[in-house]
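1. Provided below for reference: sequence and predicted model.
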Amino acid sequence: ELCHVVGDHLEGSIDLRFCRLDQISCSALGYLLQQYRGALKLVDLWKCEIVDDSCEILLSSLLRNSYSSKLKLILADNKLTEKSCSIIASSLASFTKLDIGWNELSKSIDRIFTSLHHNTALTELLLGKSSLRSSDMQLVAQMLSSNNTLSVLDISWNEQIGAGGYQYLVECKDISLTKLIMWRCRLGIDGAGKIGEV
């Protein structure tokens, strides 16, 4: 049923926000993604209760679709954990925008940052409320120093970043980033005073 509903309205984008997708539904959607022969531009799966195993099914299917090399993928506010980081990291070359915020990814988020060092596809990365810590910002700074493509980074609602984590970003030189979004990161007075230095 999912394949018929989505397939009848598929015109370069899939919008299934707020639809509960269990593993069977994700397998059906994965099959559709493999069979689709058009150029997908957007797959929006925000708040679909997707778990790690289902995420792997969907990403594997997207990678098999050679028509979708410049894709915006939204997986925010699902039930992804650190287990999803490896396959997400290996898939980054296929996306221009990736939103994986509001998932518990922090323990393995370094795999994503490492994969972005020489990535030439992704321009927007949204990691709001991903349990990022101050120490993770050192990895972000190293990534930004070698990545010449990423222009938008949203790390809002990661309250453990603080002014100490922001200091790592301030020290970055010659970066391509044009927009850094850091709502509710507990920068404090010291961090707020450095915002104009980026």
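-> Structure received.

2. and Ser86, how many neighbours?
-> Applying other C-beta atoms under 10 Å, we find 14 other residues in the vicinity of Ser86. C-beta: built from backbone N, CA, C; applies to glycine.

3. grab the nearest non-local neighbour of it.
-> Closest residue to Ser86 apart from its sequence neighbours, by C-beta to C-beta, 6 or more residues apart in numbering: Arg111 at 5.9 Å.

4. Arg17: neighbour count?
-> Applying other C-beta under 10 Å, we find 12 other residues in the vicinity of Arg17.

5. show me what contacts it?
-> Asp44, Leu45, Trp46, Lys47, Cys48 (C-beta atoms under 8 Å, 6 or more residues apart in numbering).

6. go ahead and confirm the second one touches Leu75.
-> Yes - using C-beta atoms under 8 Å, Leu45 makes contact with Leu75 at a distance of 5.5 Å.

7. what helix or strand does Lys72 sit in?
-> Using DSSP states H and E, Lys72 maps to strand 71-74.

8. beyond that strand, next helix or strand please.
-> Per DSSP H and E, the helix or strand that comes after strand 71-74 is helix 85-91.

9. ok, residues contacting that next one?
-> 55-56, 59-60, 62-63, 98, 100, 105, 108-109, 111-112, 114-115.

10. what is the following helix or strand past it packed up against?
-> Going down the chain from helix 85-91, the next helix or strand is strand 95-99, by DSSP H and E. If contacts are counted by 3 or more C-beta pairs under 8 Å, 6 or more residues apart in numbering; DSSP states H and E, strand 95-99 sits against strand 71-74, strand 124-126.

11. I'd like the next helix or strand past the shortest one.
-> Think strand 124-126. Sequence-wise, the next helix or strand downstream of strand 124-126 (DSSP H and E) is helix 136-146.

12. got the buried residues for that following helix?
-> By 16 or more other C-beta atoms under 10 Å, the buried positions in helix 136-146 come out as Asp136, Met137, Gln138, Leu139, Val140, Ala141, Gln142, Met143, Leu144.

13. for the fourth one, list the residues it contacts.
-> Contact analysis of Leu139 by C-beta under 8 Å, 6+ apart lists Ile109, Asp110, Phe113, Thr114.

14. again with the fifth one
-> The neighbourhood of Val140, defined by C-beta under 8 Å, 6+ apart, consists of Phe113, Leu153, Ile155, Tyr168, Leu169.

15. next step: these restricted to strands.
-> Among the contacts of Val140, DSSP state E puts Leu153 in strands.

16. now list the buried members of the contacts of Val140.
-> So, by 16+ other C-beta under 10 Å, the buried ones in the contacts of Val140 are Phe113, Leu153, Ile155, Tyr168, Leu169.

17. and these, which is closest to Leu127?
-> Ile155 (5.2 Å; C-beta to C-beta).

18. what subset of the contacts of Arg17 is buried?
-> Counted by 16+ other C-beta under 10 Å, the contacts of Arg17 give Asp44, Leu45, Trp46, Lys47, Cys48 as buried.

19. follow-up on the earlier one: pull the most distant pair out of the buried residues of helix 136-146.
-> So, those by C-beta to C-beta: farthest apart are Asp136 and Leu144, at 12.6 Å.
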